[in-house]
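Undergrad: Here is the input, now give the coordinates:
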Amino acid sequence: MEGSYRYLFPAVLDAKIQQLTLEFARRGGEDLDLFREFRPPFELGVGVIDVKNDEVETPEMVAQHIRRALEVMPAEKLAVMPDCGCFHLPGMWHSRN
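TA: Numbering: from 1, shown residues only. Got it, this is the predicted structure:
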């Protein structure tokens, strides 16, 4: 696992935000338990597609990430998106000629 989001808690609970978006596809999903533990008042934008890897997730993998997030956050407080970042992958900037 690449780091942990634990350093954000409990301080982030005092932030005046409506939604916090975080990467979970690349990092795993272990930190999702922090949202069960701390029950934040804001929505969670959960990254379910790893944009820093050139392998394409199967629909089953994406669904598994979403189901895992739904175990800790109610659907009405959950937004699904790709992990964040504008990481350049090999071969990403090829000519279309």
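
Undergrad: G47 is in contact with L78, correct?
TA: No - using C-beta atoms under 8 Å, L78 is not in contact with G47; the gap is 11.8 Å. In short, each C-beta sits where N, CA and C put it, glycine included.

Undergrad: who's more crowded, those two?
TA: Neighbours per residue, other C-beta atoms under 10 Å: of L78 and G47, the larger number sits with G47, 22 against 17.

Undergrad: Give the residues shared as contacts by L78 and G47.
TA: Any residue near both L78 and G47 by C-beta atoms under 8 Å, 6 or more residues apart in numbering counts here, and not one turns up.

Undergrad: can you map out the helices along this protein?
TA: 33-38, 59-70 (DSSP state H).

Undergrad: With just CA atoms, put the shortest one into PDB.
TA: By that I understand helix 33-38. What follows is helix 33-38 as a C-alpha-only set of coordinates in PDB (Å, rounded to 0.1, in the frame of the first residue of the first chain):
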ATOM      1  CA  ASP A  33     -12.500   1.700   7.100                       C
ATOM      2  CA  LEU A  34     -11.500   5.200   8.300                       C
ATOM      3  CA  PHE A  35     -14.900   6.400   7.000                       C
ATOM      4  CA  ARG A  36     -16.600   3.700   9.000                       C
ATOM      5  CA  GLU A  37     -14.600   4.600  12.100                       C
ATOM      6  CA  PHE A  38     -15.000   8.400  11.900                       C
END
